[in-house]
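Engineer: Got a predicted structure here, sequence first:
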Amino acid sequence: MKGFIGARQTTLASEVSLTGTGVHSGAPVSIVLCPADGDTGLRFLLSNGDAEGTEIAADPRSVTGVTLCTVLGDGNGASIATVEHLLAALSGLGVDNALIEIDSSEVPIMDGSASCFVEAIDEAGLAELDAPRRFLKVLKRIRVEDAGAYGELAPHNGFHLDVEIDFDTKLIGTQRIEIDVNPGSFRRELSRARTFGFMKDVERLWAAGLALGASLENTVAIGEDRIINREGLRFSDEFVRHKALDAVGDLALAGAPILGSFRSHRGGHRLNALVLKALFADADAWTMIEAPRYREVRHAELSHRLAAANFAPERS
Ligand SMILES: [Zn+2]
């Protein structure tokens with residue numbers, strides 16, 4: 001079943017499990033994606049270790065780390081790293097509510113993209129709930145600049161991304177993607193783009209106890225003058241597509257689908273978090289709106305389909 005963005009909130013129709021490896025810890029991880037009630041949002045539930053039973057909401061206030069990946073914590077030492085690709089899949093496919101049981105402190109990296117999470121969500125299916133869907137509507141431009149990088153959110157009727165990267169290697173160079181994000185475009189254009197890293201950085205990361213689970217199975221590795229992975233790239237501009245995927249995941253922390261346009265230049269997890277923080281710090285910059293109820297739509301019979309199509313461009 002394909003995801004959809006309709007007037008009512010959704011959750012998963014059934015539980016689904018995945019197992020994999022933490023890219024930073026190298027440790028095995030199991031997660032179970034579970035249905036949740038309306039207005040729950042996306043929440044992690046730690047299912048073993050000292051923090052067993054701890055819940056951590058996917059919320060900007062939970063962000064405790066933005067180096068290499070996005071880390072969420074409860075403020076008491078419990079944390080979950082590398083949440084962005086899973087949150088991107090849930091948010092990208094229009095899943096508003098889910099409980100994510102996890103037996104480790106890091107979401108598994110899978111193939112380095114969101115495609116395994118998309119497959120899992122497809123396997124579980126989506127269910128509509130009674131609760132009306134709420135959207136976070138951006139009311140004015142919010143811009144954050146950070147050492148030659150910038151990110152901004154601006155008013156827009158839909159969710160639009162404009163992401164540009166600029167790396168000083170001709171294997172990447174300058175790449176830009178502009179995309180209206182909905183379940184169909186997310187699935188086709190972004191979900192399969194893998195994370196990437198430079199071979200010259202690997203030893204430094206390993207020395208720091210990071211990237212212990214990184215391999216050619218889950219990372220596009222960039223050498224001096226070539227891509228090390230034998231299979232090559234999935235898209236010629238896979239790098240910027242992955243940055244856009246990361247942005248979808250980081251912006252899922254807003255807690256509701258965004259009606260706004262997000263633009264970033266040389267951005268990353270840190271900048272994405274700073275933009276959301278700046279948005280929420282300015283009460284005039286955003287508001288929550290509910291999706292219109294069908295019966296409130298004028299010319300009910302005819303407009304019903306139009307309204308549904310407007311919210312669900314990829315419904316079929
Ligand atoms: Zn990523």
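Structural biologist: That came through fine.

Engineer: Next, count neighbours for residue 211.
Structural biologist: Residue 211 has 21 neighbours, counted by other CB atoms under 10 Å. (C-beta placed from N, C-alpha, C; glycine too.)

Engineer: Identify the residue spatially nearest to it, adjacent ones excluded.
Structural biologist: Of all residues not flanking residue 211 in the chain, residue 205 sits nearest, at 3.9 Å (CB to CB, 6 or more residues apart in numbering).

Engineer: looking at this, the one you found is in a helix?
Structural biologist: Yes: assessed by DSSP: H, G, I helix; E, B strand; the rest coil, residue 205 belongs to a helix.

Engineer: Could you pull up the contacting residues of it?
Structural biologist: Applying CB atoms under 8 Å, 6 or more residues apart in numbering, we find residue 205 in contact with 68, 197, 211, 214.

Engineer: so can I have JSON lines of the residues you listed showing secondary structure?
Structural biologist: Formatted as JSON lines, the contacts of residue 205 follow (three-state DSSP):
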{"residue": "68", "secondary structure": "coil"}
{"residue": "197", "secondary structure": "strand"}
{"residue": "211", "secondary structure": "coil"}
{"residue": "214", "secondary structure": "coil"}
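
Engineer: Now distance to the ion and pLDDT too, for those, in JSON lines please.
Structural biologist: Shown next, in JSON lines, are the contacts of residue 205 (distance: CB to the ion, whole Å; pLDDT from 0 to 100):
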{"residue": "68", "distance to the ion": "9", "pLDDT": "83"}
{"residue": "197", "distance to the ion": "10", "pLDDT": "92"}
{"residue": "211", "distance to the ion": "13", "pLDDT": "86"}
{"residue": "214", "distance to the ion": "12", "pLDDT": "90"}
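
Engineer: If you count contacts, what does the helix or strand hosting residue 270 end up packed against?
Structural biologist: Element membership for residue 270, per DSSP states H and E: helix 269-281. On a contact count with 3 or more CB pairs under 8 Å, 6 or more residues apart in numbering; DSSP states H and E, helix 269-281 meets strand 142-146, strand 149-154, helix 238-251, strand 258-265.

Engineer: Near the ion, which residues of the stretch 51-200 of the chain? Just list them.
Structural biologist: Within reach of the ion by CB under 5 Å from the ion, the stretch 51-200 of the chain has these residues: residue 195.

Engineer: So, low pLDDT: which residues of the stretch 51-200 of the chain?
Structural biologist: Judged against pLDDT under 70, the stretch 51-200 of the chain has no low-scoring part.

Engineer: Buried residues of stretch 143-160, list them for me.
Structural biologist: By 16 or more other CB atoms under 10 Å, the buried positions in stretch 143-160 come out as 144, 149, 150, 151, 152, 153, 154, 158, 159, 160.

Engineer: And the residues you listed, which is closest to residue 250?
Structural biologist: residue 151 (9.9 Å; CB to CB).
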